[in-house]
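Participant: Below is the structure, and that's it, no one-letter string:
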């Protein structure tokens, strides 16, 4: 896992909560991890689950909640798209 991006999001959460981030999800990856940050600030997240019946979204939310110590996390928009807007609350 790229801890640089997790730390960057955690630092942003200390300054502002709730925090909204854009995430581009790549499903069916070998493991779930934050892989990169695109030029527009969107985080590229690889998810091990398949995009069937919300499994990839559930895996994404579980991963972010666990690694960022969040009290609440929601997909605000893009639930069925690869690019999502996510609301993070500590």
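Facilitator: Cool, got the structure. Treat the numbers as computed from the prediction; the structure is a model and nothing was measured. Numbers count the residues shown, from 1 in each chain.
Participant: Give the next helix or strand downstream of the one helix or strand in the chain whose mean pLDDT sits lowest.
Facilitator: Using mean pLDDT, DSSP states H and E, helix 3-15 stands out as the lowest-scoring helix or strand of the chain, at a mean of 93. The element immediately downstream of helix 3-15 (helix or strand, assigned by DSSP states H and E) is strand 19-26.
Participant: ok, residues contacting that next one?
Facilitator: 9, 12-13, 35, 38, 40-47, 51, 56-57, 60, 76, 82-89 (Cβ atoms under 8 Å, 6 or more residues apart in numbering). Backbone N, C-alpha and C define where each C-beta goes, glycine included.
Participant: before we move on, what about stretch 47-66?
Facilitator: Residues contacting stretch 47-66 (Cβ under 8 Å, 6+ apart): 23, 25-32, 45, 70, 73, 75, 79, 84, 86, 88.
Participant: Can you list the buried residues in the least confident helix or strand of the chain?
Facilitator: By 16 or more other Cβ atoms under 10 Å, the buried positions in helix 3-15 come out as 5-6, 9-10, 13.
Participant: can you check stretch 30-38 too?
Facilitator: Here stretch 30-38 shows 32-34, 37 as buried, counting by 16+ other Cβ under 10 Å.
Participant: buried sites along the host helix or strand of residue 57?
Facilitator: Residue 57 is part of helix 55-68 when elements are defined by DSSP H and E. For helix 55-68, the buried set under the neighbour-count rule, 16+ other Cβ under 10 Å, comprises 56-57, 59-61, 63-64, 67-68.
Participant: Tell me which two in those are the farthest apart.
Facilitator: Pairwise distances among those were taken by Cβ to Cβ; the largest, 18.2 Å, belongs to 56 and 68.
Participant: Let's see which of the contacts of stretch 47-66 end up in helices.
Facilitator: Judged by DSSP state H, the contacts of stretch 47-66 include no members of helices.
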